[in-house]
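Student: Everything below, folded, please.
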Amino acid sequence: MPVFPAIAPTCGLAGGAPCVLPLDGSVKSIRMHLRRHGYRHPQQQAVQCPWEGCSQTLKWMNIPRHIQSIHLGVRYRCPNCDKPYTRPEGLATHTASLKFYEI
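Tutor: Residues are numbered from 1 along each chain as shown. Predicted structure coming up:
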């Protein structure tokens with residue numbers, strides 16, 4: 001289960017202008033948010049992150065996950081040890097390793 005920051009996500013795509021489009025921090029919400037701001041590219045195309053102040057270049061398909069973890073600070077916490085992960089896949093690998101070591 002993702003852990004979202006205590007402060008509601010603020011859009012960094014509107015160039016400093018107030019944004020009233022919904023943004024809940026999920027990858028699905030971020031993808032929809034990008035489309036509503038007019039950002040559309042082929043999935044494999046390398047593009048600069050559209051978030052204000054970010055100069056990182058990534059494949060377009062990775063931009064929502066980048067925004068989620070870097071700009072919105074979403075983390076996935078282990079229910080056993082509370083260790084934070086930026087991606088659910090990392091948490092799944094961690095919890096699988098814990099089950100491997102259980103006696």
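Student: next helix or strand past the helix or strand of the chain with the lowest mean pLDDT?
Tutor: Of the helices and strands making up the chain, the lowest-confidence element is strand 2-3, at a mean of 62, by mean pLDDT, DSSP states H and E. Next in sequence after strand 2-3, counting helices and strands by DSSP states H and E, comes helix 27-36.
Student: Mind checking what helix or strand follows that next one in sequence?
Tutor: Following helix 27-36 in sequence, per DSSP H and E, is strand 46-48.
Student: Name the nearest residue to the residue nearest the centre of the chain, ignoring sequence neighbours.
Tutor: Closest to where the C-alpha atoms of the chain average out (Cα atoms, centre = their mean) is Gln68, at 1.6 Å. The shortest distance from Gln68 to any residue other than its chain neighbours is 4.8 Å, reached at Val74 (Cβ to Cβ, 6 or more residues apart in numbering). C-beta coordinates here come from the backbone N, C-alpha and C atoms, glycine included.
Student: how many other residues sit next to that neighbour?
Tutor: Neighbourhood size, Val74 [other Cβ atoms under 10 Å]: 23.
Student: Wait, it touches Gly25, no?
Tutor: Yes - counting by Cβ atoms under 8 Å, Val74 does reach Gly25; the two are 5.0 Å apart.
Student: I'd like the distance from stretch 48-57 to the chain centre, please.
Tutor: In terms of Cα atoms, centre = their mean, to the nearest Å, the centre of stretch 48-57 is found 14 Å from the chain centre.
Student: Please identify the buried residues of it?
Tutor: 49-51, 54 (16 or more other Cβ atoms under 10 Å).
Student: One more: stretch 13-23?
Tutor: 13, 19, 23.
Student: And the average pLDDT for that stretch is what?
Tutor: Average pLDDT, stretch 13-23: 80.
Student: what residues does that stretch touch?
Tutor: 9-11, 29-30, 32-34, 36-37, 39, 50-52 (Cβ atoms under 8 Å, 6 or more residues apart in numbering).
Student: Using the three-state scheme, assign Cys81.
Tutor: Three-state call for Cys81 (DSSP: H, G, I helix; E, B strand; the rest coil): coil.
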